[in-house]
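Visitor: predicted coordinates and the sequence they were generated for:
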Protein chains: 2
Amino acid sequence: MFFMTRSDQTRGTHETSTDPECPDLHEVACEQCKLHGFLALFTEMGVESHSIFLSRRRPVAKGTLLIDVGLPFDGIYAIKSGSFKSYSLAEQSGEQILGFFLPGELIGLDAMRSGSYGYSVMALEASTVCWMPLKGLDALGDQKTRFQEEVIRILVDQVQHDQRQTLLMGRRTAEERLGAFLLNLAGRYQRHGFNGEAFRLPMLQIDIANYLGLSMETVSRTLRSFREQELLTIQGKKLRILNADCLRSIAQYC
Amino acid sequence: MFFMTRSDQTRGTHETSTDPECPDLHEVACEQCKLHGFLALFTEMGVESHSIFLSRRRPVAKGTLLIDVGLPFDGIYAIKSGSFKSYSLAEQSGEQILGFFLPGELIGLDAMRSGSYGYSVMALEASTVCWMPLKGLDALGDQKTRFQEEVIRILVDQVQHDQRQTLLMGRRTAEERLGAFLLNLAGRYQRHGFNGEAFRLPMLQIDIANYLGLSMETVSRTLRSFREQELLTIQGKKLRILNADCLRSIAQYC
DNA sequence: ATCATTTTTTGATATTTGTCAAAAAACTGT
DNA sequence: ACAGTTTTTTGACAAATATCAAAAAATGAT
């Protein structure tokens, strides 16, 4: 009671040193990026096909729209560093968060078929992306098959991710949802070569709440409860998972 | 108050005639089935490739496992008639419903990559399926490209469906979830050539509850509320949507 | 560093939903 | 048609979460 307040234990002020193992900005190596499978393929295919799919690096400032709903499909984006949220605007309830994107992940492949993007995508922080126009596929001839295999691989991964996500959202309690959400982020960071125990939580709590179908206040209170159970610590936007096993048992499916 | 009870208005006994427009069993025409795109492709390709993908009709009794978790991938199934649920078994909370499958829909394409099915699939009623072994793809040579385009098309559809589903699950209230669930089913029936206003609800309410992360009792009470608002009627397993606009405004995103 | 703005936290209260128990209704097989 | 079983419905109450209002903390700009 008189030793330390919870605040002293778990939340840093701007003077407190932050977690040294947690990077200030996540930047994925090209080898860890989902675009890499494509690129490796093009290298094998030779220069001419590679030129069709020229990938260009581009910075995106915080709050900028990378994709606006309804824009014609012009290719896919890979996140090099930073993070994004995708959302749609519903008449009645305003913005609805559809998902978050982390370094190494692809945006927009699902718009290939309909021909236009069905959502908007905004940078949550200063970020960089690589862009791949995906035009002139037919010029590849029979090598197109290899390309398609890669597309199928990625789509199947995405189907599995989305289904796990649906499961997550079906969970009842705020603890289950938020726990599963954090473990989901941890797994995605780890899959791309980052520390899955200490990472940035780049989105606002109000966006997490919107995404998980909870109120902002419940997200805040549940995070406090996790801190009090010593499952994790939060310093600013930096999160450290202290007891992943326990968090997993709370989240139930991950 | 003394005219009719709600029960008289909206629920039939076994003597009451059921909705004539709602079929007792949904059976999709081959032209409406997602497998049809494949089949059309094989016809174009000639007999030899068609023989690789020989599709066989097969009845499945109620309660039978079509797929058991962990079984090696041996092809995809298309539902000709009836319905199925997919589920996984979690240590702690038992069965977790992952989704429902209706006539015209495909099961198992996402297991192509991992090589084994990640869930079990059980018939909710007496059903028939078509099976396509998906082996010997390489023998197709450069026609494989056409096949893969079809796979991509289906996977993209599935990604979009799953993302809409995730959205559904993120909705807070029981009315929003159940309304969105029913409209989702309606859309899927309609897409395969059935009446989207009067259709069977082949699954148990307890399975709907499990899937939506609600209690069985809340599902029952919410359906009653929908009946009292004259948004729909239910006679046994037969559902009729009376006021889709209002249901849509309750469900918010559909 | 300071001030204005945004974001998070906290408390009090209302609403929604889950849980438990029991009754009613629907389904199943004979 | 009947009896046993499963499924759905209902009521009472407990638990979880939303909402509203206000304070505290963090962030951003000058």
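Guide: In hand now; what should we look at?

Visitor: Three-state assignment for A:Gln143, please.
Guide: What DSSP: H, G, I helix; E, B strand; the rest coil gives for A:Gln143 is helix.

Visitor: quick one: it from DNA strand D, how far?
Guide: 45 Å (C-beta to the nearest atom of the strand, to the nearest Å). Just so you know, the C-beta spots here come from the backbone N, C-alpha and C atoms, and that holds for glycine as well.

Visitor: what number of residues lie near that residue?
Guide: Neighbour count for A:Gln143, taken as other C-beta atoms under 10 Å in any protein chain shown: 17.

Visitor: likewise for A:Gln190?
Guide: A:Gln190 sits with 13 neighbouring residues when counted by other C-beta under 10 Å.

Visitor: check A:Lys62 too.
Guide: Neighbours of A:Lys62 under the rule other C-beta under 10 Å: 13.

Visitor: that one: what's it in contact with?
Guide: Contacts of A:Lys62 were listed using C-beta atoms under 8 Å, 6 or more residues apart in numbering or on different chains, and they are A:123-127.

Visitor: pick out the residue of the stretch 1-150 of chain A closest to chain B.
Guide: In the stretch 1-150 of chain A, no residue comes nearer to chain B than A:Gln148, which is 3.9 Å away by C-beta to the nearest C-beta.

Visitor: residues in contact with that residue?
Guide: Contacts of A:Gln148 (C-beta under 8 Å, 6+ apart): B:145, B:148-149, B:151-152.

Visitor: checking my notes, it in a helix, right?
Guide: Yes. Applying three-state DSSP, one finds A:Gln148 inside a helix.

Visitor: going by distance to A:Gly37, which of the contacts of A:Lys62 wins?
Guide: Nearest to A:Gly37, judged by C-beta to C-beta, of the contacts of A:Lys62 is A:Ser127 at 21.4 Å.

Visitor: show me what the closest one bridges to in the sheet.
Guide: A:Val60 (DSSP bridges).

Visitor: if you count neighbours, what's buried in the host helix or strand of A:Leu247?
Guide: Assigned by DSSP states H and E, A:Leu247 belongs to helix A:244-251. With burial defined by 16 or more other C-beta atoms under 10 Å in any protein chain shown, the residues of helix A:244-251 counted as buried are A:244, A:246-247, A:250-251.

Visitor: quick one: which of the contacts of A:Gln148 is nearest to A:Ile76?
Guide: B:Ile152 (13.2 Å).

Visitor: where's A:Arg200 relative to chain B, distance?
Guide: With distances taken as C-beta to the nearest C-beta, to the nearest Å, A:Arg200 is found 23 Å from chain B.

Visitor: same thing with A:Ile206?
Guide: 14 Å.

Visitor: ditto for A:Gln190
Guide: Applying C-beta to the nearest C-beta to A:Gln190 and chain B gives a distance of 19 Å.

Visitor: which residues touch that residue?
Guide: Counted by C-beta under 8 Å, 6+ apart, A:Gln190 has contacts A:Gly196.

Visitor: return the set of buried residues in whichever strand or helix holds it.
Guide: Per DSSP H and E: A:Gln190 is located in helix A:174-191. The neighbour-count check on helix A:174-191 (16+ other C-beta under 10 Å) flags A:174-186, A:188-189 as buried.

Visitor: need phi/psi at the most centrally placed residue in chain A.
Guide: In chain A, the residue lying closest to the centroid (C-alpha atoms, centre = their mean) is A:Phe101, at 2.6 Å. Backbone geometry at A:Phe101, expressed as degrees, to the nearest 10, gives phi -120, psi 130.

Visitor: how about the nearest residue to it, chain neighbours excluded?
Guide: Spatial nearest neighbour of A:Phe101, excluding adjacent residues (C-beta to C-beta, 6 or more residues apart in numbering or on different chains): A:Phe84 at 4.3 Å.

Visitor: where does the stretch 151-254 of chain A dip in pLDDT?
Guide: The stretch 151-254 of chain A contains residues with pLDDT under 70 at A:253-254.

Visitor: close to DNA strand C: what parts of it are there?
Guide: Taking C-beta under 7 Å from any atom of the strand as the contact definition, the stretch 151-254 of chain A meets DNA strand C at A:172, A:204-206, A:216-217, A:219-221, A:223-224, A:234.

Visitor: among these, which one sits closest to A:Lys80?
Guide: Using C-beta to C-beta, A:Leu204 comes nearest to A:Lys80 of these, at 22.3 Å.

Visitor: residues from the stretch 101-250 of chain A in reach of DNA strand D?
Guide: Counting by C-beta under 7 Å from any atom of the strand, the residues of the stretch 101-250 of chain A that sit close to DNA strand D are A:172-175, A:213-215, A:217-218, A:222, A:236-237.

Visitor: could you identify the most distant pair in those?
Guide: Most distant of these, by C-beta to C-beta, are A:Arg172 and A:Gly236, 30.1 Å apart.

Visitor: neighbour-wise, which of those two wins?
Guide: A count of neighbours by other C-beta under 10 Å puts A:Gly236 above the other of A:Arg172 and A:Gly236, at 16 against 13.

Visitor: could you pull out the helices in chain A for me?
Guide: A:6-10, A:35-45, A:47-52, A:111-114, A:144-170, A:174-191, A:205-212, A:216-228, A:244-251 (DSSP state H).

Visitor: how about the residues of the stretch 101-250 of chain A next to DNA strand D in CSV, adding distance to B:Leu168?
Guide: What follows is these, written out as CSV (distance: C-beta to C-beta, whole Å):
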residue, distance to B:Leu168
A:Arg172, 15
A:Thr173, 18
A:Ala174, 18
A:Glu175, 21
A:Gly213, 10
A:Leu214, 15
A:Ser215, 19
A:Glu217, 23
A:Thr218, 20
A:Thr222, 22
A:Gly236, 33
A:Lys237, 29
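
Visitor: nearest to chain B among those?
Guide: A:Gly213 (4.0 Å).

Visitor: list the buried ones in stretch A:115-129?
Guide: Buried-residue list, stretch A:115-129, by 16+ other C-beta under 10 Å: A:117-125, A:127-129.

Visitor: let me know the closest of the residues you listed to DNA strand D.
Guide: Of all these, A:Glu125 has the smallest distance to DNA strand D: 8.0 Å, by C-beta to the nearest atom of the strand.

Visitor: touching, the closest one and A:Pro202? I think so.
Guide: Yes. Contact criterion C-beta atoms under 8 Å: A:Glu125 and A:Pro202 qualify, at 5.4 Å.

Visitor: need the residues touching each of these two.
Guide: A:82-83.

Visitor: so does stretch A:106-120 get close to chain B?
Guide: Yes. Interface with chain B: stretch A:106-120 contributes A:109-110, A:112-113, A:118 (C-beta under 8 Å from any C-beta of the partner chain).

Visitor: now tabulate those residues in a markdown table and tack on pLDDT and distance to B:Leu25.
Guide: Output for these, formatted as a markdown table (pLDDT from 0 to 100; distance: C-beta to C-beta, whole Å):
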| residue | pLDDT | distance to B:Leu25 |
| --- | --- | --- |
| A:Leu109 | 80 | 37 |
| A:Asp110 | 80 | 33 |
| A:Met112 | 78 | 36 |
| A:Arg113 | 73 | 32 |
| A:Gly118 | 88 | 34 |
